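# sharing a model that was predicted from the sequence below.
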Amino acid sequence: MSEILTDHDLSRANTLGLPCIAEAFAAPSRVHALQELLLQAAQQGSPVTVLGGGSNLILPERLRGLVLQPALSDWWLEEASNKVLVHAGAGVNWHALVMALAGSGLWGIENLALIPGHCGGAPIQNIGAYGVELCDVLEAVHLIHMDDAREQVLTPAECAFGYRDSIFKHELAGRVVITRLVLRLSRTPHPRLEYGDLASRTGDAPTALQVAEAVCRVRQEKLPDPARLGNAGSFFKNPFVSRDAADRLLTTYPELPHFTQSDGRIKLAAGWLIEQCGLKGWRQGHFGVHDRQALVLVHFGGGSAAELLDFAAAVAGQVVERFGVELEREPRLAG
Ligand code: EPU
């Protein structure tokens with residue numbers, strides 16, 4: 001059985017750096033220990049919150065019940081005929097895994113370098129950047145149900161992935177713990193450099209590691225380092241609007257960045273909408289809009305979740321007022 005800590009400080013366990021005390025906390029390093037903890041919590045009727053790298057989560061000042069941070073940190077390769085399967089425990093640091101795999105010449109997740117968090121959190125929001133989403137390379141997700149500790153393996157289709165979306169935000173929200181991912185990578189070079197200026201940064205025929213390093217440089221130029229300035233990456237999702245609504249906006253704002261989706265809807269750039277409201281670099285109290293990427297809200301220290309949500313509502317309110325477009329929050333609320 002894993003050690004259970006009481007009144008455990010989580011302020012360093014969330015990238016926003018919000019103050020939070022967990023009533024009980026455990027970081028099991030074996031699936032069996034995780035199952036025992038879940039059964040015990042179910043018997044006691046104690047709520048369970050699962051914490052990964054804490055990079056897409058808004059924590060309250062106090063979390064009741066048990067906080068579980070899976071410390072399943074093994075990963076290994078399984079060679080198949082024309083692909084390589086990577087099994088990665090939920091507690092594996094995502095970026096470290098990307099760099100290790102890209103460094104060994106494996107292709108598939110190099111565009112997802114420098115995304116903070118653990119592997120277990122990656123399927124929840126279907127992490128994506130620079131033209132690649134996790135679902136493009138996912139083979140399976142292993143999980144445990146919280147109510148009876150049974151194990152299950154989901155196929156990608158069963159995960160119902162969408163843009164920043166999956167079954168783990170809906171039917172399975174708060175009901176399962178992800179324990180392992182299986183990724184499908186390839187040794188055949190397959191650079192995807194269409195997004196932004198990646199191609200000019202990598203040159204011809206880059207290695208997977210060179211692509212990952214170029215992605216790291218782009219991210220470092222635009223996105224704040226959570227170790228220095230609290231943030232949860234993009235705070236809002238890019239909104240989808242109908243063709244008609246997009247056409248109306250484009251009449252007034254012809255320079256509006258927009259991306260037609262396969263279902264006919266149009267994805268707009270939330271960062272651009274926020275910037276046009278004059279909010280880039282705007283600060284109120286302990287929170288602000290990042291001065292290099294308006295989609296990211298930053299925490300200067302000393303603030304609370306409630307204050308952050310008020311600040312975010314003020315930002316979203318201005319976008320609705322000016323453009324009539326609703327912004328949806330991306331990080332999930334815990335507790
Ligand atoms: N833009 C602005 N002002 C800003 C930010 C963006 O005008 O302050 C414009 C850009 O000029 C560009 C467009 O908006 O025309 C898109 O910007 P960018 O390429 O920076 O991407 P994004 O849509 O703002 C998304 C992801 C990021 C990911 C990048 C690159 C979401 C919610 N965010 O941002 O993900 O890194 O694409 O693929 O989809 C994250 O989730 O934490 C994250 C950083």
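Cool, the structure landed.
# hang on, Q293 packs against K222?
Yes: contact criterion CB atoms under 8 Å: Q293 and K222 qualify, at 4.7 Å. Just so you know, the C-beta spots here come from the backbone N, C-alpha and C atoms, and that holds for glycine as well.
# the more surrounded of these two?
Using other CB atoms under 10 Å as the criterion, Q293 and K222 rank with Q293 on top: 20 against 14.
# distance of that one relative to A140?
As judged by CB to CB, to the nearest Å, Q293 and A140 stand 33 Å apart.
# repeat that for P156.
For P156 relative to A140 (CB to CB), the value is 8 Å.
# ditto for L209
Counting by CB to CB - L209 and A140 are separated by 26 Å.
# kindly export the helix or strand encompassing L273 (C-alpha atoms) in PDB.
For L273, the element it lies in under DSSP states H and E is helix 270-276. Extracted C-alpha coordinates of helix 270-276, given in PDB (Å, rounded to 0.1, in the frame of the first residue of the first chain):
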ATOM      1  CA  ALA A 270      -9.000  32.900 -29.800                       C
ATOM      2  CA  GLY A 271      -5.600  34.500 -29.200                       C
ATOM      3  CA  TRP A 272      -6.200  36.900 -32.100                       C
ATOM      4  CA  LEU A 273      -9.700  37.800 -30.800                       C
ATOM      5  CA  ILE A 274      -8.300  38.500 -27.300                       C
ATOM      6  CA  GLU A 275      -5.500  40.500 -28.700                       C
ATOM      7  CA  GLN A 276      -7.900  42.600 -30.900                       C
END
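# list the residues that contact Q44.
Contact partners of Q44, counting by CB atoms under 8 Å, 6 or more residues apart in numbering, are absent.
# scan this structure for its longest helix.
helix 305-323 (DSSP state H).
# which strands or helices does that one pack on?
If you count contacts as 3 or more CB pairs under 8 Å, 6 or more residues apart in numbering; DSSP states H and E, helix 305-323 packs onto strand 57-58, helix 270-276, strand 287-289, strand 296-299.
# distance between the ends of stretch 213-229?
This stretch, stretch 213-229, spans 22 Å end to end (CA to CA, to the nearest Å).
# for G285, see how far away A33 is.
41 Å.
# okay, the two: which has more neighbours?
Set A33 next to G285 and count neighbours by other CB under 10 Å: A33 wins out with 18 against 13.
# Q293 is in contact with F236, correct?
No: in this structure, F236 is not within contact of Q293 by CB under 8 Å, at 11.5 Å.
# residues that sit against both of those two, list them.
By CB under 8 Å, 6+ apart, no residue touches both F236 and Q293.
# who in the stretch 51-200 of the chain is up against the ligand?
Within the stretch 51-200 of the chain, the positions adjacent to the ligand are A129, Y130, Y195, G196 by CB under 6 Å from any ligand atom.
# mind doing that once more with 5 Å?
Counting by CB under 5 Å from any ligand atom, the positions of the stretch 51-200 of the chain adjacent to the ligand are A129, Y130.
# low-confidence stretches in this protein?
The model of the chain has pLDDT under 70 over residues 1.
# would you give the sheet partners of the lengthiest strand in it, along with the direction of each?
Of all segments of type strand in the chain, defined using DSSP state E, the longest is strand 176-185. Next to strand 176-185 in the sheet, as set by DSSP bridges, lie strand 84-89 (antiparallel), strand 138-145 (antiparallel).
# ok, then the element right after that strand?
Downstream of strand 176-185, the first helix or strand assigned by DSSP H and E is helix 198-202.
# what packs against that following helix?
helix 208-222.
# which residues touch the helix it packs on?
So helix 208-222 is contacted by 98-99, 101-103, 105-107, 110-114, 129-130, 189, 191-193, 196-198, 201-203, 206, 292-293 (CB under 8 Å, 6+ apart).
# PyMOL command for the buried members of those residues?
To isolate the buried members of these in PyMOL, using 16 or more other CB atoms under 10 Å:
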select buried, resi 98+99+101+102+106+107+110+111+112+113+114+129+130+191+192+193+198+201+202+206+293
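# is the helix holding L273 positioned near the ligand?
Yes: Helix 270-276 reaches the ligand (CB under 5 Å from any ligand atom) through G271, W272, E275.
# of the residues you listed, which is the most crowded?
In the residues of helix 270-276 next to the ligand, the most neighbours by other CB under 10 Å go to G271, 21 neighbours.
# thought it was touching L297?
No: with contact defined as CB under 8 Å, G271 does not count as touching L297 (11.4 Å).
# rewinding a little: how far does the longest strand of the chain sit from its chain's centre?
14 Å (CA atoms, centre = their mean, to the nearest Å).
# swap in stretch 224-237?
Centre to centre, stretch against its chain (CA atoms, centre = their mean), the figure for stretch 224-237 is 11 Å.
# and that stretch with the ligand, contact?
Yes: for stretch 224-237 and the ligand, the contact criterion (CB under 5 Å from any ligand atom) is met by G233, S234.
# show me which residues of the longest helix of the chain are buried.
A305, E307, L308, F311, A312, V315, A316, Q318, V319, F323.
# and of these, the nearest to S11?
For the buried residues of helix 305-323, the closest approach to S11 (CB to CB) belongs to A305, at 11.7 Å.
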